[in-house]
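Participant: Quick one, what's the 3D model for this:
(one chain, ligands or ions: 1)
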Amino acid sequence: MRTVVVVGAGQAGSELAVALRQTGFDDRIVLVGAEPHLPYQRPPLSKAFLLGKVGQETLRARAPEAYAKAGIECELDTSAIGIDRSTGSVVLADGRRLRYDKLALTTGGRPRDLRFGPDDIAGRALHTLDDALALRERLRHGGRILIVGGGFVGLEVAAAATGLGIAVTLVEAQPRVLTRACPPAVSGFVEREHRARGVDLRTGVSVRRLARRGGGVLAELSDDTEVGADLVLTGVGIAPNDALAADAGLAVDDGVLVGSLAGTDDPDIVAAGDCTRQWNGFLGRLVRLESVQNATDQARIAARTLCGKPTERFAAPWFWSDQYDHKLQMAGVPQAGDTAVVRGDASSGSFSVVYLRDGTLTALHAVNRPREFTAGRQLVTARAAMTPAEAASEDIPLSDLMKRQQRIAERTI
Ligand SMILES: Cc1cc2nc3c(=O)[nH]c(=O)nc-3n(C[C@H](O)[C@H](O)[C@H](O)COP(=O)(O)OP(=O)(O)OC[C@H]3O[C@@H](n4cnc5c(N)ncnc54)[C@H](O)[C@@H]3O)c2cc1C
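Facilitator: Numbering: from 1, shown residues only. Alright, predicted model coming up:
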């Protein structure tokens, strides 16, 4: 009997284990997870779950019985601490060794640690279900929260906390929020919405030091102002969990290095999800993607590779964020030098930003335009031709441009 061990029972690990069965792997599958929970979805942790709108059971990646039904052995609350490639085994924290014929690494990432003197205060992170349960409980008691970092998680927590009646201060060191992920028009919209709802949002400002004061903290900021808070949350991104791979001698560079078929430099080991830095066939470059869509797509690709049925997928990466009643959706990854064209009125609360390069659509960011996003995502994947005038004109629905693209594709075939 052959054994596949999957290390990391999160979004990618769950998907990979199930996809192995669906792709015809009949032998033993063991899913090892450091957390005590069955695989769950993280996105609601900073949104509906924090607001108390959905319960823990709705977070599950799959129903508990699905694993037993698929014959997947779950070893939860168990960390893998080493990989012995010479014997083909994974060493667990409790001393056991799991022999593998093939190994999958889906270890995700961990929040970047940021500590502030003089009391070496770290601030809370929001990454796991246990983090969310603790934060939700803490927010129930009211008070003031200081959020360090204007990325998606920080902004989503700001929206949820505001909804719960908490006074929120958010500081972002860059001149605008979402600098890495979004164009200025989207950042501007997000900043206006947060401020309109009472968030004290400060950009271009960082925390110089945190000191304990009474039951809370006093933050000294880089602009010489001070902010008092009962609670500090740090949301400054994640680092990939790639130490296991690095210690085993696999190629690692800010993530486990994998090709477009999710293979590492060991033919018996694949990796998927947030822990990887991948050669992305669609983007034509090495990237680290942190999204549900990437974790699930890459996991399915990895399962096919392990089953000897390698299949590359060329689709635009996409991501979403919910803040208040606004939906932000992004497809593709814009690059420096792309031309950004705003479609619609950025102050209206419903608009898109279309990115073009050499007459081709490369990315689309939609604010409260889910239908436009659906067509736009397909156009980005199709690398559709588009002029700046077409991109800007709301008289030409993107769905029409998609139909044109389909006609061009049919003629090409
Ligand atoms: C609060 C929050 C909100 C988010 N919102 C969105 C969103 O709106 N849209 C979106 O697309 N994405 C969102 N994401 C990102 C998305 O959840 C991740 O990209 C996705 O979960 C990645 O899946 P993964 O399986 O690679 O990693 P994870 O889901 O993080 O799973 C990795 C698992 O591996 C385990 N593990 C690590 N090391 C070991 C070890 N040595 N032994 C055993 N187990 C180990 C970890 O404990 C973890 O359970 C959000 C993330 C967070 C934290």
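Participant: where exactly do the strands run in the stretch 51-200 of the chain?
Facilitator: Taking DSSP state E, counting those that start in this stretch as the test, the strands found in the stretch 51-200 of the chain are 72-75, 80-84, 89-92, 97-99, 102-105, 109-111, 144-148, 167-172, 200-203.
Participant: With mean neighbour count added, can I get these in a markdown table?
Facilitator: Where C-beta positions appear, they are placed from N, C-alpha and C, glycine not excepted. Listed next are these as a markdown table, based on neighbours: other C-beta atoms under 10 Å:
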| stretch | mean neighbour count |
| --- | --- |
| strand 72-75 | 20 |
| strand 80-84 | 17 |
| strand 89-92 | 19 |
| strand 97-99 | 15 |
| strand 102-105 | 28 |
| strand 109-111 | 19 |
| strand 144-148 | 24 |
| strand 167-172 | 23 |
| strand 200-203 | 18 |
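Participant: mind listing the helices for the stretch 151-300 of the chain?
Facilitator: Taking DSSP state H, counting those that start in this stretch as the criterion, the stretch 151-300 of the chain contains helices spanning 152-163, 184-196, 243-247, 292-306.
Participant: Could you export the ones you listed as a markdown table, including mean neighbour count, mean pLDDT and distance to the ligand?
Facilitator: Formatted as a markdown table, the helices of the stretch 151-300 of the chain follow (neighbours: other C-beta atoms under 10 Å; pLDDT from 0 to 100; distance: least, C-beta to the nearest ligand atom, whole Å):
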| stretch | mean neighbour count | mean pLDDT | distance to the ligand |
| --- | --- | --- | --- |
| helix 152-163 | 24 | 97 | 5 |
| helix 184-196 | 18 | 97 | 14 |
| helix 243-247 | 18 | 98 | 5 |
| helix 292-306 | 24 | 98 | 4 |
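Participant: among those helices, which is nearest A363?
Facilitator: Counting by C-beta to C-beta, A363 lies closest to helix 184-196 out of the helices of the stretch 151-300 of the chain; the figure is 11.7 Å.
Participant: The closest one vs strand 167-172, what angle?
Facilitator: 150 degrees (axes from the mean of the first three to the mean of the last three C-alpha atoms, to 10 degrees).
Participant: and helix 184-196, how far out from the chain's middle?
Facilitator: Distance of helix 184-196 from the chain centroid (C-alpha atoms, centre = their mean, to the nearest Å) equals 21 Å.
Participant: what's G149 in contact with, if anything?
Facilitator: Going by C-beta atoms under 8 Å, 6 or more residues apart in numbering, G149 touches L170, V171, E172, T234, G235, V236, G237.
Participant: for stretch 234-249, how far is the first residue from the last?
Facilitator: By C-alpha to C-alpha, to the nearest Å, the extent of stretch 234-249 from end to end equals 32 Å.
Participant: L398: what's its closest spatial neighbour, skipping adjacent residues?
Facilitator: Spatial nearest neighbour of L398, excluding adjacent residues (C-beta to C-beta, 6 or more residues apart in numbering): A375 at 4.0 Å.
Participant: Please tabulate the strands of the stretch 51-200 of the chain in a markdown table and include distance to L328 and mean pLDDT as additional columns.
Facilitator: Below are these laid out as a markdown table (distance: least, C-beta to C-beta, whole Å; pLDDT from 0 to 100):
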| stretch | distance to L328 | mean pLDDT |
| --- | --- | --- |
| strand 72-75 | 34 | 98 |
| strand 80-84 | 35 | 98 |
| strand 89-92 | 39 | 98 |
| strand 97-99 | 41 | 98 |
| strand 102-105 | 30 | 98 |
| strand 109-111 | 21 | 97 |
| strand 144-148 | 18 | 97 |
| strand 167-172 | 16 | 98 |
| strand 200-203 | 16 | 98 |
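Participant: hang on, the earlier thing: and the helix or strand hosting the residue nearest to L398, what's its mean pLDDT?
Facilitator: Using DSSP states H and E, A375 sits in helix 370-381. The pLDDT scores in helix 370-381 average 95.
Participant: chain center to it: distance?
Facilitator: Averaging C-alpha positions (C-alpha atoms, centre = their mean) puts helix 370-381 20 Å from its chain's average.
Participant: Likewise for stretch 69-83?
Facilitator: That offset, for stretch 69-83, works out to 23 Å (C-alpha atoms, centre = their mean).
Participant: repeat for stretch 314-333
Facilitator: The mean C-alpha position of stretch 314-333 is separated from the chain mean by 10 Å, C-alpha atoms, centre = their mean.
Participant: can you check stretch 394-405 too?
Facilitator: The chain centre lies 29 Å from the centre of stretch 394-405; the measure is C-alpha atoms, centre = their mean.
Participant: buried set for that stretch?
Facilitator: Neighbour counts over stretch 394-405 (16 or more other C-beta atoms under 10 Å) mark L398, L401, M402, Q405 as buried.
Participant: just to revisit the earlier point, wait, what's in contact with the residue nearest to L398?
Facilitator: A375 makes contacts with P397, L398, S399, L401, M402, as judged by C-beta under 8 Å, 6+ apart.
Participant: Kindly provide the distance from it to C182.
Facilitator: Remark: distance between A375 and C182 (C-beta to C-beta, to the nearest Å) = 20 Å.
Participant: Which secondary structure element of this structure has the lowest mean pLDDT?
Facilitator: Scoring the helices and strands of the chain by mean pLDDT, DSSP states H and E places helix 398-412 at the bottom, with a mean of 77.
Participant: check contacts around the closest residue to L114 other than its chain neighbours.
Facilitator: The shortest distance from L114 to any non-neighbouring residue, by C-beta to C-beta, 6+ apart, is to T234 (5.1 Å). When contacts are counted by C-beta under 8 Å, 6+ apart, T234 touches P111, R112, L114, A122, G123, R124, A125, I147, V148, G149.
Participant: isn't the first one right up against R124?
Facilitator: Read that as P111. No. The pair P111 and R124 fails to qualify as a contact (C-beta atoms under 8 Å) at a distance of 9.2 Å.
Participant: Can you pull the residues of the stretch 151-300 of the chain lying near the ligand?
Facilitator: Selection of the stretch 151-300 of the chain residues close to the ligand by C-beta under 6 Å from any ligand atom yields V153, N241, L244, G273, D274, C275, E290, S291, V292, Q293, A295.
Participant: I'd guessed the third one sits against V5; true?
Facilitator: So that's L244. No. The pair L244 / V5 is not scored as a contact, 11.9 Å apart, by C-beta under 8 Å.
Participant: who touches both of those two?
Facilitator: With contacts defined as C-beta under 8 Å, 6+ apart, no residue is adjacent to both L244 and V5.
Participant: what about the closest residue to the ligand within the stretch 1-150 of the chain, neighbour count?
Facilitator: Residue nearest to the ligand within the stretch 1-150 of the chain: G10 (1.8 Å; C-beta to the nearest ligand atom). Counted with other C-beta atoms under 10 Å, residues neighbouring G10 total 26.
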